[in-house]
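In: Just to be clear, the model below is a prediction. Sequence and coordinates:
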Amino acid sequence: MVHIKRVELTNFKSFGGTTAIPLLPGFTVVSGPNGSGKSNILDALLFCLGLASSKGMRAERLPDLVNHDKERRGTVEASVTVTFDLSEVTSQESQVSSHEQLITNNPSTL
C-alpha cells in the first residue's frame, strides 16, 4: 500500500522556515491547541496535491498561503513537498515526491 511518508513545509501559512513532518504507516494523530497549525498541515497537502482554489485552503488569495513573519522586500515564496513511500509497490522506485512552490513578487498587506 502507498502512504505519505513525509510532508515538508517551507514558509507555508503558520509554518515559518522549514518544518518536516514524518507520517508513519498506520494511524497518525496530529494534536495541539487551537491556532497551532494542525489544519495548515492538511492545507499544505491540498496545495501540493493539486487543489487549485485558495478558498479550499482557508485563504482569500494564493499569496495568503505564504508565511510573512520573516518577509524581506521583493520575492517571497512558500513550498510544500510530499514524499510517498512506495516500498510495498513492485517498482524500481521506493519513494516518490510531489513538490509545489508559490512565488510572489507582491508582498502581502497584512
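Out: Yep, it's here.
In: which stretches of the protein form strands?
Out: Secondary structure of the chain (DSSP state E): strands located at 3-12, 15-22, 76-85, 95-104.
In: For S36, find the nearest of those strands.
Out: Across the strands of the chain, S36 has its closest neighbour in strand 15-22 (10.5 Å, C-beta to C-beta). Any C-beta I mention is one placed from the backbone N, CA and C, and that applies to glycine too.
In: Pull out the buried positions in that closest one.
Out: For strand 15-22, the neighbour count (16 or more other C-beta atoms under 10 Å) marks F15, T19, I21 as buried.
In: CA atoms only for it, dumped as PDB, please.
Out: Presented in PDB, the C-alpha positions along strand 15-22 are these (Å, rounded to 0.1, in the frame of the first residue of the first chain):
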ATOM      1  CA  PHE A  15       5.000  27.500   9.400                       C
ATOM      2  CA  GLY A  16       7.900  29.900   9.100                       C
ATOM      3  CA  GLY A  17      11.200  28.400   8.000                       C
ATOM      4  CA  THR A  18      11.200  24.700   7.100                       C
ATOM      5  CA  THR A  19       9.300  22.100   9.000                       C
ATOM      6  CA  ALA A  20       9.400  18.300   8.300                       C
ATOM      7  CA  ILE A  21       6.500  16.200   9.500                       C
ATOM      8  CA  PRO A  22       7.100  12.400   9.400                       C
END
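In: other SSEs contacting it?
Out: For strand 15-22, the packing partners by 3 or more C-beta pairs under 8 Å, 6 or more residues apart in numbering; DSSP states H and E come out as strand 3-12, helix 38-48.
In: Quick one, which of the ones you listed gets closest to N67.
Out: That would be strand 3-12 among the helices and strands packed on strand 15-22, by C-beta to C-beta, at 4.4 Å.
In: List the buried residues of the closest one.
Out: Buried residues in strand 3-12, defined by neighbour count with 16+ other C-beta under 10 Å: I4, K5, V7, E8, L9, T10, N11, F12.
In: Return the list of helices and strands in contact with that strand.
Out: Checking 3+ C-beta pairs under 8 Å, 6+ apart, strand 3-12 ends up next to strand 15-22, helix 38-48, strand 76-85.
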